[in-house]
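Trainee: A structural model of the following input is requested.
(one chain, ligands or ions: 1)
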Amino acid sequence: MTRINDHYQKLQAGYLFPEIGRRVAAFQQDNPDAAVIKLGIGDVTLPLVPAIIEALHAAVDEMGSQAYGYGPENGYPFLKEAIAQHDYAARGVEIALDEIFVSDGSKQDSGNVQEIFDVGNTLCVTDPSYPVYVDTNVMAGRTGDADETGRFQGITYLPATEDNAFTPGPPNERVDLAYLCSPNNPTGAVATKENLAQWVAWARSNDAVILFDAAYDAFIQDPELPRSIFEIEGATECAIEMRSFSKRAGFTGTRCAYMTVPKAVMGRSASGEAVSLNALWSRRHSTKFNEVPYVIQKAAAAVFSPDGAAQTAEQVAYYMENARRIRGGLGDAGFAVFGGEHAPYIWMRTPGGASSWDFFDQLLERSHVVGTPGSGFGPAGEGYFRISAFNSHENVDEAIERIRKGFGS
Ligand code: MLT
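Mentor: Residues are numbered from 1 along each chain as shown. Sure, this is the predicted structure:
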């Protein structure tokens, strides 16, 4: 028989969110009358804004009058120009168009990017972290087995705890690759310029590469906080950044994101020669990916139009109002809550020291509310729980009320 990739056998059977979906579906089957409120996966609940819909319609009409075949490698200039101008130049960062690679999602990018790195590279993640970072590296064979706590050999885990405000600094030892996410999924913590400067200094003195996930940058409320790692001096020499239209503009089902790989970020070949990661990623992307559809890129570009920017900002504000309500409501009820000020996620300590999955089950049973167990994001997430702000105000208020009642506060 054909050999499988045995590294997959090291992983837990299912990816976190399908496992939650499975448990919720089983509960709903047994309790068909329960009105379950889902604050689990961070998936948008508001429709695409009018400016995006108009752009989609117009692009569809264009496709009826002219052939749009394969698009330009790495994305249409109209979208990359808008990105370079609004996401970077507007914040004092100079990024060239050939450093931007339009893709169909940051989830994919954060897994695919490792293909340009040697399988023997070491890596670090903050713990907890978005599960894709660890799982994809396990699949690639960059780790050993997991120990009894769920930590994989070959990965340096940097615990994000209440003591370090869920923003751990760089490791003491040298590693090749560091995954960082700010605003953070799942803790909702946000890195300051000082935090990121520490990481950039570490990466430069260790010849390491930072893989920076900024999928939630639009949720940052304080203009002084960095939205891009490239706002930090020297970062264009040691970091790759992932940004997404998913949460900022409701594209979770529409699919559009981009990865920025500055030409100055280098890696080393076996013979010791410095090689531009931009050139490698360009080779990989153009070989394995055939572009986000024209109509979707037009829709993404509309996010930067004056109307699109205003309308999507309103949606972000709507979700952030939910975050404020959850943080306030659960905090007033005596729960220890974190995050939710610059991110659509609230991180809470499970009441009574319950394990994350036990609290998941209790919450579903007693309150008919779905959240995400902290341990699903890494061993240091045990004893914590993530509540997402993606839902309606009404459902959020109702969920808070049910949680307060269900847990006796
Ligand atoms: C999450 O809930 O962590 C995210 O929505 C998952 C994702 O973006 O893939």
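Trainee: residues near the closest residue to Q153 other than its chain neighbours, how many?
Mentor: Residue nearest to Q153 in three dimensions, not counting chain neighbours: G144, with 3.0 Å by Cβ to Cβ, 6 or more residues apart in numbering. Where you see a C-beta, it was placed from the backbone N, CA and C, and this is true even at glycine. Neighbourhood size, G144 [other Cβ atoms under 10 Å]: 13.
Trainee: make sure G144 is actually in contact with V138.
Mentor: No: when contacts are counted by Cβ atoms under 8 Å, G144 is not listed as touching V138 (9.2 Å).
Trainee: find the residues that touch each one of these two.
Mentor: By the contact definition Cβ atoms under 8 Å, 6 or more residues apart in numbering, G144 and V138 are jointly contacted by K10, F152.
Trainee: related to what we said a few turns ago, and the residue nearest to Q153, what does it touch?
Mentor: K10, F152, Q153, G154.
Trainee: and if you look at Q114?
Mentor: With Cβ under 8 Å, 6+ apart, Q114 has these contacts: T136, N137, A140, R142, L177.
Trainee: tell me the secondary structure for it?
Mentor: helix (DSSP: H, G, I helix; E, B strand; the rest coil).
Trainee: walk me through the domains of this structure.
Mentor: 6-47+307-406, 69-304 (automatic domain parsing).
Trainee: between these, which gets nearest to V60?
Mentor: Among the domains of the chain, the nearest to V60 by Cβ to Cβ is domain 69-304 (5.8 Å).
Trainee: and V295, what helix or strand is that in?
Mentor: Here V295 is covered by helix 294-302, with elements defined by DSSP states H and E.
Trainee: and the helix or strand following that helix, does that touch the ligand?
Mentor: Counting by DSSP H and E, the next helix or strand C-terminal to helix 294-302 is helix 306-332. No: applying Cβ under 6 Å from any ligand atom, one finds that helix 306-332 is not in contact with the ligand, the shortest distance being 12.3 Å.
Trainee: what residues sit buried inside helix 306-332?
Mentor: By 16 or more other Cβ atoms under 10 Å, the buried positions in helix 306-332 come out as 308-309, 311-312, 315-316, 319-320, 322-327, 329-330.
Trainee: got the contact list for D217?
Mentor: P183, R227, S228, R243, R248.
Trainee: of these, which is the nearest to F359?
Mentor: Using Cβ to Cβ, P183 is the member of the contacts of D217 that sits closest to F359, with 23.3 Å.
Trainee: where in this structure is pLDDT low?
Mentor: Residues of the chain that meet the criterion pLDDT under 70 lie in 13, 409.
Trainee: and I240, that one's in a strand?
Mentor: Yes: secondary structure of I240 (three-state DSSP): part of a strand.
Trainee: bridging residues for it?
Mentor: Listed beta-bridge partners, I240: L211 (assigned using DSSP bridges).
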